[in-house]
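S.K.: Here is my input, please return the structure:
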Amino acid sequence: MEIHQVAYEIAAAHIGARLRSHYFDRHLFAYASHIRSIRSIHSFIDALFTATSATCVTGLVVVDTGTYYSVFGQWIVLALIQIGGLGFMTMGTLFALFLKRRISLSERLVLQEALNQSSIEGIVRLVRKVVIYTFAIEAFGAAAFTLRFLSDMSAGQALYFGIFHSVSFFNNAGFDIMGDFRSLTEYVGDPAVNLTAMLMIVLGGIGFVVLADLAEYRLNRRLSLHSKVVLVMTASLITVGTLVLFFFEYTNARTMGPLPFGEKLLAALFQSVSPRTAGVNSVDIASLRQASQFFIILLMFIGASPGSTGGGIKTTTFAALIGAVISMIRGKEDVVMFRYRLNKERVYKALTVTLFALALVTIATMILATTEDHHFLMILFEVTSAFGTVGLTMGLTTQLTLAGKIVIILMMFLGRLGPSHYRTP
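M.R.: Residues are numbered from 1 along each chain as shown. Presented below is the predicted three-dimensional model:
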């Protein structure tokens, strides 16, 4: 009886172990499949995040472009930056012209809107100029960067780095391949790198229409009202930004404090230019004082100029608002700039664009404040950077949850689309 009992217990234990093993294996397989599925979703979102950031010329990244992607992957990113910077319609028109196809009226109307023109007259000629100016400026930037990088790396790598950063900076994309999310922090005191980068950023940020006006200034000796407003506002914002950042960061031991006076001024100037939707930094943004970080948020919200590679509410919108405030203080009904009276429709449009942009940033910030466990200023900085298609970050991008990444993707897309394009039928 005891032998049968022992045999029964052994058989029962064996069957139980097999059942438990089968149950465990089945659930382990299901769990592993679930994990793989989650990883696939995250990988897809990360790829979508990078593609959106490149196409919308933003520069926010969840992985380091210089170390994570292969050379082929980096060229794909660069191609998306170029397409996004010029605009899909401009690129489409370029291919149509190359194939000698006639540009239809509807396509000319879309180009008129994309390039912020008041009429379709000469719009195709302007597209040709846009393409010529773009490649000429990028070639100059690539040559300047290559010559500087030759002292740090091989000729082939210097050329590659020169081309990549020239295209990225002119298109205000903010992508870099320096590695380890360093951006240009190793070149904080280098005049050649800083001045070349700032020149590319400013030329890309003032807009193609202004570039065309400047190129033709020697012939007609006049600038349009649009160009005058853009140039004055750009110079004013850069000057004020430089002084503010220089004042707040002068004694900051983690940013500009240890630098000599000249390098302090250069670093302040660079950090003032970059928030104009470029997204490149020569000092650690997370180490800036909160006053500086908040001021950069304001610069990112204003952004670049219409018809440019940048985002934000645009300098002309901000100028119209400032003009309206000054006119109200003076007790005048009309907004006058450079002896031109702005019609009320433009002022109303500027107010509408600003309020709409504020609403978008507010809603996205509230959502991220719920999904992300980080302090408020870091979240507001990230959202504004995405909306302004800037690319600067205080370190939140790589720590975003899945929901947070989706919100930032939407903000980058809406920011590149521009508040003035959010219209109902």
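S.K.: Tell me where the stretch 301-425 of the chain has helices.
M.R.: 315-330, 344-371, 376-387, 402-417 (DSSP state H, counting those that start in this stretch).
S.K.: Point out the other helices and strands that the third one packs with.
M.R.: The contact analysis (3 or more CB pairs under 8 Å, 6 or more residues apart in numbering; DSSP states H and E) places helix 376-387 against helix 290-302, helix 344-371, helix 402-417. Using the backbone N, CA and C atoms, a C-beta is placed for each residue, glycine as well.
S.K.: so where's the stretch 101-250 of the chain shaky on pLDDT?
M.R.: 101-123 (pLDDT under 70).
S.K.: hey, where'd the helices end up in it?
M.R.: Using DSSP H, counting those that start in this stretch, helices in the stretch 101-250 of the chain cover 105-114, 123-149, 155-170, 191-205, 208-215, 217-220, 225-249.
S.K.: what angle do the third one and helix 123-149 make?
M.R.: Right, the one you point to is helix 155-170. Counting by axes from the mean of the first three to the mean of the last three CA atoms, to 10 degrees, helix 155-170 lies at 140 degrees to helix 123-149.
S.K.: Give me the distance from helix 155-170 to the chain's centre.
M.R.: 18 Å (CA atoms, centre = their mean, to the nearest Å).
S.K.: which residues touch the closest residue to Asn252 other than its chain neighbours?
M.R.: Once flanking residues are discounted, Asn252 sits nearest to Arg289: 5.9 Å by CB to CB, 6 or more residues apart in numbering. Applying CB atoms under 8 Å, 6 or more residues apart in numbering to Arg289 gives the contacts Phe248, Glu249, Asn252.
S.K.: Check what contacts stretch 235-245 and list those residues.
M.R.: With contacts defined as CB under 8 Å, 6+ apart, stretch 235-245 is touched by 202, 265, 268-269, 271-273, 275-276, 292, 295-296, 299, 302, 315.
S.K.: before we move on, the earlier item: turn the helices of the stretch 301-425 of the chain into CSV, columns for distance to Val209, mean neighbour count and mean pLDDT.
M.R.: Converted to CSV, these look like this (distance: least, CB to CB, whole Å; neighbours: other CB atoms under 10 Å; pLDDT from 0 to 100):
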stretch, distance to Val209, mean neighbour count, mean pLDDT
helix 315-330, 11, 18, 90
helix 344-371, 16, 16, 92
helix 376-387, 23, 24, 95
helix 402-417, 18, 21, 91
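S.K.: Out of the ones you listed, which is closest to Lys129?
M.R.: Lys129 sits nearest to helix 315-330 of all the helices of the stretch 301-425 of the chain, at 20.1 Å, using CB to CB.
S.K.: which helices and strands does the closest one pack with?
M.R.: helix 225-249, strand 335-337, helix 344-371.
S.K.: With distance to Phe170 as extra columns, can I get the ones you listed in a markdown table?
M.R.: Below are these laid out as a markdown table (distance: least, CB to CB, whole Å):
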| stretch | distance to Phe170 |
| --- | --- |
| helix 225-249 | 15 |
| strand 335-337 | 28 |
| helix 344-371 | 25 |
